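[1] Predicted model and sequence follow; I will ask about them next.
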Amino acid sequence: MSRLFDYLYILATIGFTVYGQLIIKWRITKLGPLPIDFHEKLKFLIALLLDPAIFSGFVAAFIASLAWMAAMTKFDLSHAYPFMSLNFVVVLLLSGWILSEPVTLQKTLGIALIVLGTVVAVRG
């Protein structure tokens, strides 16, 4: 049971990483494109940093880092790291569902290869 609990650190790393990516993209989409003018660009980026939702994405990235450090106390890097490829899978699926981004056949095949590669790497 303890070993199964150890995998929660990896799952938390994936969950917080995916949350951060999705929330940042969602908010940036709402706030518009990056301005061309340097000063406007700087103001825009500072406004992004001060946006509470985007800030929560940075907090999620920090928590993901803590969870990853905990995972590193339980697993070899060569065993744990392939699980990080699942970020691609979850982000693609959720960005299609939540952000209405296109999920094409090519992306789906790529994700299938990532999952297959992850299974092979973790078992190897």
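    Cool, got the structure. These numbers come from a predicted model, not from an experiment. Numbers count the residues shown, from 1 in each chain.
[2] In which helix or strand does the most centrally placed residue in the chain reside?
    Nearest to the mean C-alpha position of the chain, by CA atoms, centre = their mean, lies V18 at 2.9 Å. Assigned by DSSP states H and E, V18 belongs to helix 2-31.
[3] Now do the buried residues in the helix or strand that that helix is followed by.
    Sequence-wise, the next helix or strand downstream of helix 2-31 (DSSP H and E) is helix 38-50. Neighbour counts over helix 38-50 (16 or more other CB atoms under 10 Å) mark 44, 48 as buried. Backbone N, C-alpha and C define where each C-beta goes, glycine included.
[4] Run the angle between helix 38-50 and helix 2-31 for me.
    With axes from the mean of the first three to the mean of the last three CA atoms, to 10 degrees defining the directions, helix 38-50 sits at 140 degrees from helix 2-31.
[5] Helix 38-50 packs against which elements?
    Counting contacts by 3 or more CB pairs under 8 Å, 6 or more residues apart in numbering; DSSP states H and E, helix 38-50 packs against helix 2-31.
[6] In the helix it packs on, which residues are buried?
    Within helix 2-31, judged by 16+ other CB under 10 Å, the buried ones are 9-10, 12-28.
[7] same check, this time on stretch 100-110
    Going by neighbour count (16+ other CB under 10 Å), the buried part of stretch 100-110 is K107.
[8] do the same with stretch 59-71
    By neighbour count with 16+ other CB under 10 Å, stretch 59-71 contains the buried residues 60, 63-64, 67-68, 71.
[9] can you list those in TSV and add distance to V103, pLDDT and secondary structure?
    Formatted as TSV, the buried residues of stretch 59-71 follow (distance: CB to CB, whole Å; pLDDT from 0 to 100; DSSP: H, G, I helix; E, B strand; the rest coil):
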residue	distance to V103	pLDDT	secondary structure
A60	23	98	helix
I63	27	98	helix
A64	24	98	helix
A67	27	98	helix
W68	27	98	helix
A71	29	97	helix
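[10] right, and the pair among the residues you listed with maximum separation?
    Pairwise distances among the buried residues of stretch 59-71 were taken by CB to CB; the largest, 15.9 Å, belongs to A60 and A71.
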